[in-house]
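# need a 3D model of the following:
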Amino acid sequence: MKDTNKKWAFIFVAANLVLFLLFFAWPALLGVYYSLTEYNGNVATFIGLENYINLFQDPSFYKAMSRTFLYTLIGVPLVYITSLFVSVMLTSNHTKGKNIAKIIFFFPWLVSPIVVGVLWRWMFGESFGFVNFVIQAIGGNPIPWSSNGDFAFIVVLFATAWAGTAFNMLIFIGAIISIPRSLYEAADVDGGSGWQKFWHVTLPSIRSTSFLVILLAVFNLMKEFPMVQSLTNGGPGTDTTFIVQYIYETGFDQMRVGYASAASMVLFVILLVFSLLQFRFAKGGKANE
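This next block holds a predicted model:
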């Protein structure tokens, strides 16, 4: 019996190892190799670090990277606050219309990011969008949502907050309902208000969950592609072209696969450094507790 269990355990581990090597390790190694070559999809010519040197001298790369950092810096708190607020409302006994709210906020999880982007493009279209239709119906002037870079960026942020709420909402709801009711009862005895209970009971109790949500949000926003591509296509101009759009356009539109691979490796290192800093910060916070 034990030999049979060991056999099946070995099979499952081996299968996972093969999948890891096939779909993660091998593509990653290819990416490193291609980043050191001049490769257009046909012949790869080794050029050493030339792609990296050119990349760090490319203003377009820095522009896309700075937009990505700004998008992440604003988007992560927006996604976190929206997800937490919706979760608290849905777990409250005083909230009405929970079923409708769940459908609205969980819908993005049921469809692809491309569909989410198309839906928001329809809502905020300049000549056919629902939002501008309402604005004009009440006597206002249509807003250039897609031709003005600042407005387009705002629409992307709103779409990101809505799309990111679905999954994070499930994580937060699971964490909130697992908080012992005795903590809230003790706060009631002490005369704590709703805000005080949230600040002193709910938030400290879901600290590890908050760390997970923030970490996932950073990763998702730093490598966001399909939703933004279908919503703005990186426009107007390059005002909503983030780093993954830059990599896509360089690698597929311009067929500079080696150069795009170098940009991908830089993005990978940035995400790796950030994750290590996040874990170090979280570990330090637990030690201080």
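# in a strand, T165, correct?
No - per DSSP: H, G, I helix; E, B strand; the rest coil, T165 lies outside any strand segment and is helix.
# tally of neighbours for it?
T165 is flanked by 26 other residues according to other CB atoms under 10 Å. From N, CA and C alone the C-beta is placed, and that goes for glycine too.
# didn't it look like it was pressed against I104?
No - counting by CB atoms under 8 Å, T165 does not reach I104; the two are 9.3 Å apart.
# now for the two: what residues contact both?
With contacts taken as CB atoms under 8 Å, 6 or more residues apart in numbering, T165 and I104 have no neighbour in common.
# show me the shaky parts of the chain.
Low-confidence segments of the chain (pLDDT under 70): 1-3, 282-289.
# show me the strands in it, by range?
37-39, 44-46 (DSSP state E).
# save the ones you listed as JSON lines, and put in distance to I74 too.
Listed next are those as JSON lines, based on distance: least, CB to CB, whole Å:
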{"stretch": "strand 37-39", "distance to I74": "35"}
{"stretch": "strand 44-46", "distance to I74": "39"}
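# please identify the most buried of these.
Comparing the strands of the chain by mean neighbour count (mean count of other CB atoms under 10 Å), strand 37-39 comes out on top with a mean of 20.
# and that strand, how far out from the chain middle?
Relative to its chain's centre, strand 37-39 lies at 30 Å (CA atoms, centre = their mean, to the nearest Å).
# which other helices and strands contact that strand?
Counting contacts by 3 or more CB pairs under 8 Å, 6 or more residues apart in numbering; DSSP states H and E, strand 37-39 packs against strand 44-46, helix 50-55, helix 257-288.
# centre of the chain to stretch 173-184, how far?
26 Å.
# sorry, that was for stretch 106-118
With CA atoms, centre = their mean as the basis, stretch 106-118 stands 13 Å off its chain's centre.
# ok, now stretch 251-264?
So, by CA atoms, centre = their mean, the centroid of stretch 251-264 is 22 Å from its chain's centroid.
# and that stretch, what's buried?
Residues 251, 256-264 are the ones in stretch 251-264 that count as buried (16 or more other CB atoms under 10 Å).
# endpoint to endpoint, it covers what distance?
10 Å (CA to CA, to the nearest Å).
# and if you look at stretch 237-249?
Stretch 237-249 has an end-to-end distance of 13 Å (criterion: CA to CA).
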